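Enquirer: Here is the input, now give the coordinates:
(chains A and B)
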Protein chains: 2
Amino acid sequence: MGTMRWMENDAENDAARNSIDPEIEAYLDRTREARHASYLEFLRIPSISSLPEHAPDVRRAARWIAAELTRIGFEGVEVAETAGHPVVYADWLHAPGAPTVLVYCHYDVQPVDPIEAWETAPFDPFIRDGRVVGRGAADDKGQLHLHLQAAEALFATRGRLPLNVRILFEGEEEITSISLAPWLEANRERLAADAVIISDTGFFEGNLPALTVALRGNLYTQIDVTGSPVDLHSGGFGGGVENPANALAGIISQLKDRDGRVTIPGFYDEVIEPTRQERFEISCLPFDEDAFRAEIGVRALSPERGWTALECRAVRPTLDVNGLWGGFQGDGQKTIIPASAHAKVSCRLVPNQAPDRVFERFRDHVLRIAPPGVTVEVRNLGTALPVRTDTTHPIAQAALAALRAEFGREPLLIRAGGTIGVASMFVSQLGLPLVMLGFTNPDDNAHAPNEFMLLENYERGLRTICRLWDDLGAKSGDRAHDMATAGEAGTAARG
Amino acid sequence: MGTMRWMENDAENDAARNSIDPEIEAYLDRTREARHASYLEFLRIPSISSLPEHAPDVRRAARWIAAELTRIGFEGVEVAETAGHPVVYADWLHAPGAPTVLVYCHYDVQPVDPIEAWETAPFDPFIRDGRVVGRGAADDKGQLHLHLQAAEALFATRGRLPLNVRILFEGEEEITSISLAPWLEANRERLAADAVIISDTGFFEGNLPALTVALRGNLYTQIDVTGSPVDLHSGGFGGGVENPANALAGIISQLKDRDGRVTIPGFYDEVIEPTRQERFEISCLPFDEDAFRAEIGVRALSPERGWTALECRAVRPTLDVNGLWGGFQGDGQKTIIPASAHAKVSCRLVPNQAPDRVFERFRDHVLRIAPPGVTVEVRNLGTALPVRTDTTHPIAQAALAALRAEFGREPLLIRAGGTIGVASMFVSQLGLPLVMLGFTNPDDNAHAPNEFMLLENYERGLRTICRLWDDLGAKSGDRAHDMATAGEAGTAARG
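Expert: Numbers count the residues shown, from 1 in each chain, chains lettered A, B, ... in the order given. I've put the predicted structure just below:
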């Protein structure tokens, strides 16, 4: 099974592993059952941030985490209000001389539609065949939970953490962190840290341990095409009036050409083309296109002409329809010309594309190609900058060492296709070095039905965090010095 | 108000009207309130044929009609089973020497979505400002009801009808009469008649009295585009895989060109182009494009290049998306590549296009232009042939005379853009001459929110039916002879 590649070689890898603190291991072994029960309990809270009817659930999840943080041993625990869903803050700052890390995860989840494609109820999670199945199992409640459990193991066995930790768990990551920027601005002082660890990424194809060193940015838009105020009978009016659904299809078809290249004028103007060296490095990654194609179950991969599928994810911007609707969607027939038709269209962006500038070009292009018989509106629903990590920074090096020690092999450096809006905020607003250390299996069905996390990834992820905290704490004198002089590990890719 | 044109000249028109039987008029005057209450009671039954959950309501509507037919004085009343919703049959055959007409209406209605665009509840009908508002008020329950009431007036005042009448009220017109063809076939003998009167059409723009002398045919299809079995994260997969929603938009955009011409190879091959004389006649119709545009509330009319908007409706085939959907449709953002995307696409057809042949060309074209990264399925959800009426046939002449007498002006002859699937069945299966005599105002919002029928159209429509029955019965000797020798008034337009 492709996702288990590092697990197949366990014997070999185990030999290469450094041993973890035996007291920690014994504690983790002893508390396994309670830990998993707690993980499932957390997943049962349907904290869907985008749906207003779930706002109380999102708040319930925040309070659940706050209670856990208090129980475990954190201080200053607060469910902090924002204009939207709350931020959960906590800290433990009693390791003088040791570095301070800010840990970021998010406790909100994606909606569950299409609900009919789930094999089991999304908020009735379970563990079977080594998988934790349910909405949020991977993205990102599973990763948040392993941070809680790593801290609990350290507190429980030693009564303290080896370094200073600040916790920032967000409830709006899936809705582009809309309230976080002002909250970060208002809380700059208590967020002072040497670096931020974001755990919202995952491993490479084949479930190979990896550090994510770049993220794409994002632009999310909505196109609304309106004809008449009401649906029209397609017999009485068909032929004489523009059909908004046909018009929308025409607009969408003029955003990309047959080669997969975006046709919006100026779209690629600020894109930094990868160097030959970077393209060579990507080609060296152990990526099996056929296995990848089979795993996602499509007939053929369709990369942009002139680029590999992996390059398309790592270094190329995209344009995708995320949803579209208009008119009759039921069984059978309804012979109407829909009053309106709508599409959600988003672009993943790469260095140095500026999302707001791309939006202007997108909007202008759509309005220019819209047919005269309809009214078209284009809205910007959210943006995020592309970001990169400096892998020579001590904290990035320590994270790589912890992965290497836990998994017994050299971690890969990957440029992820996804977006974490807060990553650019941490860099641009707080000036913090940034390490994206996440543990999910790449076939986790994040944002899709039947989301799951391999239990082994969760268990080893939490041990990796224990190792990293120990490592950073043990060499605290050196580390603190290194980090103070190394400058920023993360930079907003657009500078 | 545009819809009231013939009503504005009432004084003038009244002078031109022949008087109706005073006994009938007195009866109709006396029973006005009860008649309208009955109309509303009928509209309250949500007989939506396309939605399985409304099947009991469709049946309830059939039983309601059957009870009315019995009460009024019809015989042989039957709620006849089919493979789908029932057919209501009744007759009264005690006018020897007089002609026999088969009256067709339908009692099923369209779904109500988008429900949020209705100003009032669709199945809580009411009469205000001369309008009967509610789903089915016009299409077609209002017209069915006026037939019931015309017969009731005649039975109540005279104890008999002036001619022989067979009633065939259908419950599946809005789902292309799927069960009617076999039912007609099995009931040929008891449907023997001199002609069929279909009341499911309406007046010309400006609410000008008219006889519909042609209907377009229809082909209704569904296109299903599938990528992966589940939605994919647009960050992790965007760029490398074909997006089914983008692919669907691309397919739809290649079905019509910017001139509004359908680009499916062979689509126009069998179209009979109208003669110069026919185009001249269409141009003579009192049609105000600006008023029409303003009435439907679109920015601009968008007829096929080289044709007027009216010609596009009367003599040109069309291609319209009736609905489309796929992926995320909620508020805010969900960053996915949808697993699948879907569209309902239908074509209105003109003589001599054969729907099944057009479907084959449609399907072949769609499959040919589909991109390789997705799976595409094209389904035929239903077809109907285009039809025309011979206006020189005696029953067509009598219908025109009844309209002339009631409204005091020369009725127009119109080629309607819509489709009535049964029309072609009556012609091709039963060989019956066909007259499409309907009374709805053209701005009735049929198939759309806020459907309504002008009460005056309903009232005068029912008087027109009384006149027509009297006229056909009075001259029964002549008529029966004329009709026997005139051949078929209606012919399937494709021969």
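
Enquirer: Check the secondary structure at the residue in the stretch 101-250 of chain A that chain B sits nearest to for me.
Expert: For the stretch 101-250 of chain A and chain B, the shortest gap (C-beta to the nearest C-beta) falls at A:G235, measuring 2.8 Å. C-beta coordinates here come from the backbone N, C-alpha and C atoms, glycine included. Look at A:G235: counting by DSSP: H, G, I helix; E, B strand; the rest coil, its state is helix.

Enquirer: Give me the local confidence score for the nearest residue to it once chain neighbours are set aside.
Expert: Once flanking residues are discounted, A:G235 sits nearest to B:G418: 2.8 Å by C-beta to C-beta, 6 or more residues apart in numbering or on different chains. Model confidence at B:G418, given as pLDDT, is 85.

Enquirer: same check, this time on the one 4 residues further on
Expert: As summarised for this prediction, B:V422 has a pLDDT of 88.

Enquirer: dump the residue contacts of it.
Expert: B:104, B:170, B:173, B:177, B:180, B:198 (C-beta atoms under 8 Å, 6 or more residues apart in numbering or on different chains).

Enquirer: 10 Å instead?
Expert: Residues counted as contacts of B:V422 (C-beta atoms under 10 Å, 6 or more residues apart in numbering or on different chains) are B:104, B:106, B:168, B:170, B:172-173, B:176-177, B:180-181, B:184, B:196, B:198, B:200, B:384, B:387, B:429, B:434.

Enquirer: continuing past the particular helix or strand that has it in it, what's the next helix or strand?
Expert: Assigning secondary structure by DSSP states H and E places B:V422 in helix B:421-425. Sequence order places strand B:434-436 as the next helix or strand after helix B:421-425, per DSSP H and E.

Enquirer: quick revisit: so the residue nearest to A:G235 touches A:I336, yeah?
Expert: No. Assessed by C-beta atoms under 10 Å, B:G418 is found out of contact with A:I336, at 11.7 Å.

Enquirer: so what sits against both of these two?
Expert: The overlap between the contact sets of B:G418 and A:I336 (C-beta under 10 Å, 6+ apart) consists of A:233-235, A:237-238, B:446-447.

Enquirer: Taking these together, which two end up most distant?
Expert: Pairwise distances across the shared contacts of B:G418 and A:I336 (C-beta to C-beta) peak at 13.1 Å, for the pair A:G238 and B:A446.

Enquirer: List the buried residues for the host helix or strand of A:A151?
Expert: If you go by DSSP H and E, A:A151 is part of helix A:141-158. Within helix A:141-158, the residues that count as buried by 16 or more other C-beta atoms under 10 Å in any protein chain shown are A:141-157.

Enquirer: just how off-centre is that helix within its chain?
Expert: Averaging C-alpha positions (C-alpha atoms, centre = their mean, to the nearest Å) puts helix A:141-158 21 Å from its chain's average.

Enquirer: quick one: it near chain B?
Expert: No. Against chain B, helix A:141-158 shows no contacts by C-beta under 10 Å from any C-beta of the partner chain, the least distance being 15.2 Å.

Enquirer: before we move on, what about stretch A:177-197?
Expert: Yes. Judged by C-beta under 10 Å from any C-beta, stretch A:177-197 comes into contact with chain B at A:I178.

Enquirer: Keeping just the C-alphas, turn that stretch into PDB.
Expert: C-alpha atoms of stretch A:177-197 as PDB (Å, rounded to 0.1, in the frame of the first residue of the first chain):
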ATOM      1  CA  SER A 177      -8.500  33.200   8.900                       C
ATOM      2  CA  ILE A 178     -10.600  36.300   8.500                       C
ATOM      3  CA  SER A 179     -10.400  37.400  12.100                       C
ATOM      4  CA  LEU A 180      -6.800  36.400  12.800                       C
ATOM      5  CA  ALA A 181      -4.900  39.300  11.300                       C
ATOM      6  CA  PRO A 182      -6.400  42.000  13.700                       C
ATOM      7  CA  TRP A 183      -6.100  39.600  16.600                       C
ATOM      8  CA  LEU A 184      -2.400  39.000  15.900                       C
ATOM      9  CA  GLU A 185      -1.900  42.800  15.600                       C
ATOM     10  CA  ALA A 186      -3.600  43.300  19.000                       C
ATOM     11  CA  ASN A 187      -1.600  40.500  20.700                       C
ATOM     12  CA  ARG A 188       1.800  41.100  19.200                       C
ATOM     13  CA  GLU A 189       3.500  41.300  22.600                       C
ATOM     14  CA  ARG A 190       2.200  38.100  24.100                       C
ATOM     15  CA  LEU A 191       3.000  36.300  20.900                       C
ATOM     16  CA  ALA A 192       6.700  37.100  21.200                       C
ATOM     17  CA  ALA A 193       8.600  33.900  20.300                       C
ATOM     18  CA  ASP A 194      11.800  32.700  18.600                       C
ATOM     19  CA  ALA A 195       9.900  30.800  16.000                       C
ATOM     20  CA  VAL A 196       6.500  29.500  15.000                       C
ATOM     21  CA  ILE A 197       5.700  25.800  14.400                       C
END
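
Enquirer: Flag every buried residue along it.
Expert: Neighbour counts over stretch A:177-197 (16+ other C-beta under 10 Å) mark A:177-181, A:183-184, A:191, A:193-197 as buried.

Enquirer: How about stretch A:290-306?
Expert: Applying 16+ other C-beta under 10 Å to stretch A:290-306 flags A:292-293, A:295-296, A:298-299, A:301-304 as buried.

Enquirer: likewise stretch A:402-416?
Expert: By neighbour count on 16+ other C-beta under 10 Å, the buried set for stretch A:402-416 is A:402-409, A:411-416.

Enquirer: Likewise for stretch A:249-258?
Expert: In stretch A:249-258, counting by 16+ other C-beta under 10 Å, buried: A:249-256.

Enquirer: average pLDDT across it?
Expert: Averaged over stretch A:249-258, pLDDT sits at 97.

Enquirer: Check stretch A:223-234 too.
Expert: Mean per-residue pLDDT for stretch A:223-234: 93.

Enquirer: Start and end of that stretch, how far apart?
Expert: One end of stretch A:223-234 sits 23 Å from the other (C-alpha to C-alpha, to the nearest Å).

Enquirer: Relative to the whole chain's centre, how far out is that stretch?
Expert: 36 Å.

Enquirer: Which positions within that stretch qualify as buried?
Expert: Of the residues in stretch A:223-234, A:223-228, A:230-234 count as buried by neighbour count, 16+ other C-beta under 10 Å.

Enquirer: before we move on, back to that, now do the helix or strand following the helix holding A:A151 against helix A:421-430, angle only.
Expert: Going down the chain from helix A:141-158, the next helix or strand is strand A:164-170, by DSSP H and E. On the basis of axes from the mean of the first three to the mean of the last three C-alpha atoms, to 10 degrees, strand A:164-170 is oriented at 130 degrees to helix A:421-430.
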